[in-house]
Structure formats: C-alpha cells, structure tokens
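Visitor: Sequence first, predicted model second:
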Amino acid sequence: MNDRFANAWALLPGYLSQHVVLSAAAMALGLVVSLALVVAAVRSARVRWPVLAFASLIQTVPSLALLALFYPLLLALSGLADGVFGVGFSALGFLPSLLALALYSMLPVIRNGVAGILNIDPAVIEAARGVGMTDWQRLWRVELPLAAPLLMAGIRTAAVWVIGTATLSTPVGQVSLGNYIFSGLQLQDWVSVLFGCIAAAVLALVVDQLLGVIETGLARRSRPRVAAGVAALAVGIAVAALPLGRGAAASYVVGGKNFSEQFILVDLMTARIAEAGGAAVQRTGLGSAVVFAALASGDIDVYVDYSGTLWANVMRRTDVPRREPMLEELRAWLAEEHGVVMLGSLGFENAYGLAMRRDRAEQLGIATIADLAAHASELSMGGDLEFFSRPEWAALRSAYGLAFASRREFEPTFMYRAVEGGEVDVISAFTSDGRIAANDLLVLADPAGAILPYDAIVLIARKRANDDVLRRALAPLIGAIPLALMQEANYRVDRERDKETPAATARWLENEIAARGN
C-alpha cells in the first residue's frame, strides 16, 4: 500500500500540471466564444434560439465520445494542411481535448449570461439609452456588470464540469489526472483510482471557491475582492504549470493501449530506449483506433500492436490466413500504405479465446467451441467492451452458429471476476493473460480456425524507420518473449495480492529476457 501511494504521489506533479493547463486553456477558449455568443444572442432573437440549442446539443453527446470524435477530425485537417501548406500539426492529446472541453464549458456560461442580461430591469436599459449610451457602451457599462453575478455562477459550473471531464482525455493521448483513474481501473489499483478522483475533486473545489470570491466581489462591487480572486487563480495556474518546463525534452514518444500487458511493454520499451541513449515520453491508455492513427501520422513513434487487430480493424480483411503469410502481407501493407515499419514479433500471441471455468466445462463435456455451440442457448457470455462489435465475434458466430442465452460486457478485470464467480459461463479471454492459469480457466479449442493469429508486433513510425537508437533498443526484444513469460509478467500486475507496478514488472521482464539470452 505504501509503495502504491508513493508511486501515485510521485506522478502527481506531472499529471496535475497538465490537467490544470488543459482545464485553464479550455475555460479561456470557451469563455471567449461563449461571451461572443451571449452578446449575439441578446441582440437578436433569431440568433438566440440556435445558440442555446447548439450549446444544449453539445451536452447530449457523451463527453468521451466527443473527445474521441475530435481526433479523426483534426487528423484529417492536419493531413489537409500538410498537403496544402506543407505543415501539419499534432492531432493527438492536447488539441482534441482542448476543443472538446471548450465546447462542454459553453452551456452554463451562455445560458446564465443570456438570462442575466435579458432579465435586467427594462427601466435601467431605457435610462442608459436616455443618457445617449451606444449599444457597446450599454453592454460594457450596464448590462455585463449587472449580469456579472449570474454569469459568474455559470462560469463556476462550467469550471467544475471542465475539470471533471478533463479526466476523460487520457484515451486521446492527453496526460491528466485521468491517467490515475484509467490505469487504476485496469490494474485494480484502487489507491491510484482514489488518488485521481480525490485530486480532481480537490482541484475542482479550490477553483470553485476562488471563482466564488470573484463572484462575491462582483456582487458587492468590491474591486479588491475581485482582484484577489483573479490573482489567486493566476498564481495557482502558474505554479501548477511549473513542472511542464522542468522535464527534459523527449526524443521519442512510446504509445500504448489501456490494459496491463501494454503498460508493461510501454515501460519495457521506454527503459530500453533510455539505456540506448534516448529519452522517451509515454502516451498510454490510447484506444485501438487512435493509437494506430497516431503512429501513422507521426504523433507517436513506436508501440506494440497485434497482427489480428491490424488485419481485421485496420486492413478491414475478413479472411483468416495462416500466421506466417499473414505477417508477411501485413508487413508489406504497412510499409506501402503508411510507411510504418514492422520490426517483428515479440515472440508471443495475445489472441482472443473463449474460456470457461474448467469444472464447468468438464461438467458439460465442453472442450472445443464446437462443443460449446450445442450448449450456448443455455449459457451466458461475457466479453470485453469491444468484443461483440469486432470481426472476431462475427467470425465465431458464422463458423459455429453461437447463440447464447444472454451477453454482457465488462472491463477486462471484471470480466475475469464474472466468470470466476459464475455470473457468466463463458468469456472472451486473452491468451497471454496470467489470470487464465491462476483462475484455472480452460481456453476452448478452435477447430474451425475462426480466430485470427494475434502476434504481438513492434511497429515504428515512418519518420523513425531508420532510427539507430530505436532499433538498437528494441531489436533485441524480437522473438525474446515467449507466451509463458508474458503470462507470468501479466499476472504479476493483475493478481489480487502483492501486485507489482507495470514498471517493476518491466524491470523483472527485462532481467528474465537477459538471463534467457545468456
């Protein structure tokens, strides 16, 4: 417990710094746009409804979906800018998060601003007109000052929303306090989850109270109080941003998805790059679609993917070839279409496999997926959050006619608990997961060969294709990690008791690789 707390505390400056800068920038951008729309809305009834409807509509889009949607949009714009002007921009991380959060901040500011101005006593407005004020003078000297307390209430609400929603920016590559939460949920590190939640809550409360000081100052016409609140916010943002300028510039960006194996491999590659004389920064917790697009566009330099994922989801292939021809075709396609270098396979496969508790399978006489099909109508199936929408599930249903009595989706951690506790009968297990052996699960044979090979392969971005440091660091890993070794490494991170951090497990794994190579 003490080690986990110490590790979480050590990460706080970096995570908090980026969270604060992102939230402050999103609020600033959102305020500029929102105030302009407030002015337009109060001046024209025709503009008012579309503005309020747009701001309300944004709130109906799930925040994680909005963040994810901005990445492909910005990626396309970056490609267009590169083609037209010869200069692109990074679509990963800060920019999509900034734009999505700015949009999320707008509704309370616009709604409160419009309501505050429209509800000003008409006699006051007439008096302002009577003394000869122009529309702009009336806005700045009368309407905004009178509406300021209600407007500040909207800003306070928006700030709390933005700080909370910023924790969801991890899957699009932005470091934030959400890194604690996403990795903690996956690794069952509840200290990390609580640390992230508490840190985000405390930050939101502090910002809300400081904005409350400004709101009270505006209501009381107290300039010193307003100045004190603004100064405290400015100092807080500046202090929180200090760690951003202290780190050494990283030469390489190592990407990874959001599960235990990927966290371990990212730490392993980062350490090896450092040993080879390079400096690397990590971008973990990325979605499957995001991470490959980030590599192809040069936003990250290297990551580990799986041949079956690329074959089905990126190449959009529906056939199921043998391993070696598949790897060769995949290698050629990656190089030709994206300039991506497939350095090679790490030596193990992390494939999908249908798994049951061994005692339950033996009770029903099930050893293969074909056997399972005869009992499926009486059984329940659990999958990870994307399994039932993947081509593998469609291939299994087509090959075996699987029709389960019920289906449920889980985070991988809870999926294994569900089958162990009997909440579901079958799960879509991952063959390199150490919990298969630890929970005495039986991976059912696939006689029809419906499941694709899923070799773990190292991919390098076009701009790093001939990078000596990267190749020197990672080439020794090719073929060096057998399945049993990766299963043990994963279990060290995923087990219930005496859990290790991915970084500690990566060090153990490197030592094991070195010992086996000698």
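Guide: Happy to help now that I have it.

Visitor: C-alpha only now, for contacts and for neighbours.
Guide: Noted.

Visitor: Figure out how far the longest helix along the chain is from the centre of its chain.
Guide: Criterion DSSP state H: the longest helix present in the chain is helix 2-43. Relative to its parent chain, helix 2-43 has a centroid offset of 16 Å by C-alpha atoms, centre = their mean, to the nearest Å.

Visitor: if I pick L346, what's in contact with it?
Guide: Going by C-alpha atoms under 8 Å, 6 or more residues apart in numbering, L346 touches 455-458, 477-482.

Visitor: Spell out for me which residue occupies the centre of the protein.
Guide: Centrality entry for the chain: nearest residue to the mean C-alpha point is P171, 1.2 Å, by C-alpha atoms, centre = their mean.

Visitor: quick one: that residue and L286 touch, right?
Guide: Yes. If you go by C-alpha atoms under 8 Å, P171 and L286 touch, sitting 4.2 Å apart.

Visitor: SS state for the residue nearest to the centre of the chain?
Guide: helix (DSSP: H, G, I helix; E, B strand; the rest coil).

Visitor: Read off the pLDDT value for it.
Guide: pLDDT, P171: 89.

Visitor: residues contacting it?
Guide: Contacts for P171 (C-alpha under 8 Å, 6+ apart) come out as 68, 284-287, 290.

Visitor: Which residues belonging to stretch 86-99 are considered buried?
Guide: Within stretch 86-99, the residues that qualify as buried by neighbour count (16 or more other C-alpha atoms under 10 Å) are 88-99.

Visitor: Over to stretch 234-248?
Guide: Applying 16+ other C-alpha under 10 Å to stretch 234-248 flags 237, 240-241 as buried.

Visitor: now these as TSV including distance to G401 and secondary structure?
Guide: TSV is the format used below for the buried residues of stretch 234-248 (distance: C-alpha to C-alpha, whole Å; DSSP: H, G, I helix; E, B strand; the rest coil):
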residue	distance to G401	secondary structure
I237	58	helix
A240	56	helix
A241	56	helix
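
Visitor: As CSV, those with distance to G298 and pLDDT would be great.
Guide: Listed next are the buried residues of stretch 234-248 as CSV, based on distance: C-alpha to C-alpha, whole Å; pLDDT from 0 to 100:
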residue, distance to G298, pLDDT
I237, 30, 92
A240, 29, 88
A241, 26, 87
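
Visitor: Pipe the residues you listed into CSV and attach distance to Y491 per row.
Guide: Listed next are those as CSV, based on distance: C-alpha to C-alpha, whole Å:
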residue, distance to Y491
I237, 40
A240, 36
A241, 37
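
Visitor: The residue nearest to the centre of the chain and V443: what is the separation?
Guide: Distance of P171 to V443, computed by C-alpha to C-alpha, to the nearest Å: 30 Å.

Visitor: for R221, same thing?
Guide: From R221 to V443 the distance is 71 Å (C-alpha to C-alpha).

Visitor: These two: which has the busier surroundings?
Guide: Legend: neighbour count by other C-alpha atoms under 10 Å for R221 and V443, higher for V443 (25 against 12).

Visitor: in the sheet, who's paired with that one?
Guide: Beta bridges link V443 to A355, judged by DSSP bridges.

Visitor: Next one: it, what pLDDT does it get?
Guide: Looking at V443, the pLDDT reads 94.

Visitor: you'd agree it is up against L354?
Guide: Yes. At 5.7 Å, V443 counts as touching L354 under the criterion of C-alpha under 8 Å.

Visitor: what touches both of the two?
Guide: Common neighbours of V443 and L354 are listed as A429 (criterion: C-alpha under 8 Å, 6+ apart).

Visitor: Against A276, how distant is the nearest residue to M342 once chain neighbours are set aside?
Guide: Leaving aside its chain neighbours, M342 sits nearest to L459 (4.7 Å; criterion: C-alpha to C-alpha, 6 or more residues apart in numbering). In this view, L459 and A276 are 18 Å apart by C-alpha to C-alpha.

Visitor: Please list all residues in contact with the closest residue to A276 other than its chain neighbours.
Guide: Leaving aside its sequence neighbours, A276 sits nearest to A473 (C-alpha to C-alpha, 6+ apart; 5.6 Å). When contacts are counted by C-alpha under 8 Å, 6+ apart, A473 touches 269, 272-273, 275-276.

Visitor: Which element, helix or strand, includes A473?
Guide: Using DSSP states H and E, A473 sits in helix 468-474.

Visitor: Can you name the element that comes right after that helix?
Guide: With DSSP H and E, the next secondary element past helix 468-474 is helix 483-494.

Visitor: downstream neighbour of that following helix in the secondary structure list?
Guide: Sequence order places helix 502-517 as the next helix or strand after helix 483-494, per DSSP H and E.

Visitor: Please name every helix or strand in contact with that next one.
Guide: Helix 502-517 is packed against helix 260-275, helix 483-494, with contacts defined by 3 or more C-alpha pairs under 8 Å, 6 or more residues apart in numbering; DSSP states H and E.

Visitor: between the ones you listed, which gets nearest to D384?
Guide: Closest to D384 of the helices and strands packed on helix 502-517 is helix 260-275 (C-alpha to C-alpha; 13.9 Å).

Visitor: Tell me the buried residues in the closest one?
Guide: 260-273.

Visitor: any idea which of the residues you listed is closest to D433?
Guide: Ranked by distance to D433 (C-alpha to C-alpha), those are led by E261 at 8.2 Å.
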